[in-house]
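Undergrad: Make a model of this:
(one chain, ligands or ions: 1)
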Amino acid sequence: MISGGIIIHDTDIGAYWEKLFSESGLDTLGIHPAGGNDAHLTLEKFLSAQNDPEVIGFINRLSSKGVCIELECHALSWLLPRDMFAKNPHWFRENEQGERTADFNMCPSCGEALEYLSERTRRLAALIPWNSSYFHLWIDDVASAPCMCEKCKSLSPSDQAMLIYNAMLKGLKAYRSDARLAYLAYHGTIDAPSLKPEEGIFLEFAPIRRCFEHAVNDITCQKNAAEIASLDSLLAFFGKKDSKVLEYWMDNSLFSGWKKPYVKLPLKRDILEKDIAFYRAKGFERITSFGCFLGEEYAKEFVIPPVKEYGEVLSE
Ligand SMILES: [Zn+2]
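TA: Below is the predicted model:
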């Protein structure tokens, strides 16, 4: 059977989601400290809550039922803190104007920065000693912000990301030798790279610009045709082993424009069914969706969100 999951905000950890998840039949729960430009602060806050009895209890109880608990977040600004820019501007990217800047991402041709990144990633893994060997520690949440320095400018955004993920995986493997790390195919990195991934890198396909009125493989829909245009080359490049879909069917933060007030989740079962059939036929091993903005407040205002229904469609 294919593995299925949902990803919730770290702030949603608690009895409400524990019950919802336990009744869903899903086997993977992603924890997503969000935060946009403040992603490093949100992640730091979550990491420092690892001794909180509520967090520990939640993770331990679900883990003991065989649920894979996984961290999924834009971790780069925590792994390579931007306040290191003053001492090490060459670790950071060069923008279109030829200036080094700590706004987004990094210079992936800088060996020193990659070494530092590896070590920080090892440290991060040690702070979350959970049961899963899968890690999802993404580059910054920006459509595209590659380094334009002399060494990097000939590398595509996807190849720059590949260098970054390879360095992260090296650190993860120093913590646990079976570690696997996602290459997030999303926005500027949705085309396949050409640089070789290290053993243990897997494809995580996140079609954030898709349309939900049509099935994702309905190529009469321009948005969806564009969003899946690179999918076959991505699967050919990374292989199907551990391949994962990160969808948005249950992501009420997306449907609400990432701000309050919440809308009612517009889940369309027929689209969900068609999409899942398509992803299965492509050979994806794991299918997940964001499930943000569906917490207790949502349930009070609308109804209990259809997490069980989503789990049922995935297990059909
Ligand atoms: Zn560079």
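
Undergrad: and the stretch 151-300 of the chain, which residues reach the ion?
TA: When proximity is defined as C-beta under 5 Å from the ion, the stretch 151-300 of the chain approaches the ion at residue 152. Quick note: C-beta positions are derived from backbone N, CA and C, even for glycine.

Undergrad: Can you pull the poorly scored residue ranges out of this protein?
TA: 1-2 (pLDDT under 70).

Undergrad: Sketch out the helices for it, chain order is fine.
TA: Under the criterion DSSP state H, helices of the chain are mapped to 15-22, 39-47, 53-64, 76-79, 111-127, 157-175, 222-227, 231-238, 252-255, 269-282, 296-301, 307-315.

Undergrad: Residue 135: which of these is closest?
TA: Closest to residue 135 of the helices of the chain, according to C-beta to C-beta: helix 157-175, at 5.7 Å.

Undergrad: what packs against that closest one?
TA: helix 111-127, strand 134-138, strand 180-185, strand 201-205 (3 or more C-beta pairs under 8 Å, 6 or more residues apart in numbering; DSSP states H and E).

Undergrad: residue closest to the middle of the protein?
TA: Most central in the chain under C-alpha atoms, centre = their mean is residue 72, positioned 4.5 Å from the mean C-alpha point.

Undergrad: Would you mind measuring from it to residue 148?
TA: Residue 72 sits 29 Å away from residue 148, taking C-beta to C-beta, to the nearest Å as the criterion.

Undergrad: Residue 16 too?
TA: Counting by C-beta to C-beta - residue 16 and residue 148 are separated by 46 Å.

Undergrad: Then residue 291?
TA: Residue 291 sits 37 Å away from residue 148, going by C-beta to C-beta.

Undergrad: ok, back up a step: enumerate every residue touching the residue nearest to the centre of the chain.
TA: 7, 30-32, 136, 138, 182, 246 (C-beta atoms under 8 Å, 6 or more residues apart in numbering).

Undergrad: go again using 7 Å as the cut-off
TA: Going by C-beta atoms under 7 Å, 6 or more residues apart in numbering, residue 72 touches 7, 30-32, 136.

Undergrad: Check residue 103 too.
TA: Residues in contact with residue 103 (C-beta under 7 Å, 6+ apart) are residue 145.

Undergrad: 8 Å instead?
TA: Contacts of residue 103 by C-beta under 8 Å, 6+ apart are 93, 95, 145.

Undergrad: my read: residue 89 touches residue 100, true?
TA: Yes - if you go by C-beta atoms under 8 Å, residue 89 and residue 100 touch, sitting 4.2 Å apart.

Undergrad: Okay, the residue of the stretch 151-300 of the chain found nearest the ion and residue 50: tell me how far apart.
TA: In the stretch 151-300 of the chain, no residue comes nearer to the ion than residue 152, which is 3.2 Å away by C-beta to the ion. As judged by C-beta to C-beta, residue 152 and residue 50 stand 35 Å apart.

Undergrad: Between these two, tell me which one has more neighbours.
TA: Neighbour totals were compared for residue 152 and residue 50, and residue 152 leads with 20 against 13 (other C-beta atoms under 10 Å).

Undergrad: Can you report phi and psi for the nearest residue to that one once chain neighbours are set aside?
TA: Spatial nearest neighbour of residue 152, excluding adjacent residues (C-beta to C-beta, 6 or more residues apart in numbering): residue 109 at 5.0 Å. When read as degrees, to the nearest 10, the backbone of residue 109 gives phi -100, psi 0.

Undergrad: What are the neighbouring residues in contact with residue 109?
TA: Contacts of residue 109 by C-beta under 8 Å, 6+ apart are 147, 149, 151-152, 155, 163.

Undergrad: Narrow these to just the buried residues.
TA: Buried members of the contacts of residue 109, scored by 16 or more other C-beta atoms under 10 Å, are 147, 149, 152, 155, 163.

Undergrad: show me the contacts for the fourth one.
TA: The one in question is residue 155. With C-beta under 8 Å, 6+ apart, residue 155 has these contacts: 108-109, 146, 163, 195.

Undergrad: out of the residues you listed, who's nearest residue 298?
TA: residue 146 (36.7 Å).

Undergrad: That closest one: neighbour count?
TA: Neighbour count of residue 146, defined by other C-beta under 10 Å: 25.

Undergrad: Grab the nearest non-local neighbour of it.
TA: Distance criterion C-beta to C-beta, 6+ apart; nearest residue to residue 146, sequence neighbours excluded, is residue 157 at 4.5 Å.

Undergrad: pretty sure the one you found is touching residue 143, no?
TA: No - Residue 157 lies out of contact with residue 143 (C-beta under 8 Å); the separation is 9.5 Å.

Undergrad: Mutual contacts of the two, please.
TA: Residues touching both residue 157 and residue 143 by C-beta under 8 Å, 6+ apart: residue 188.
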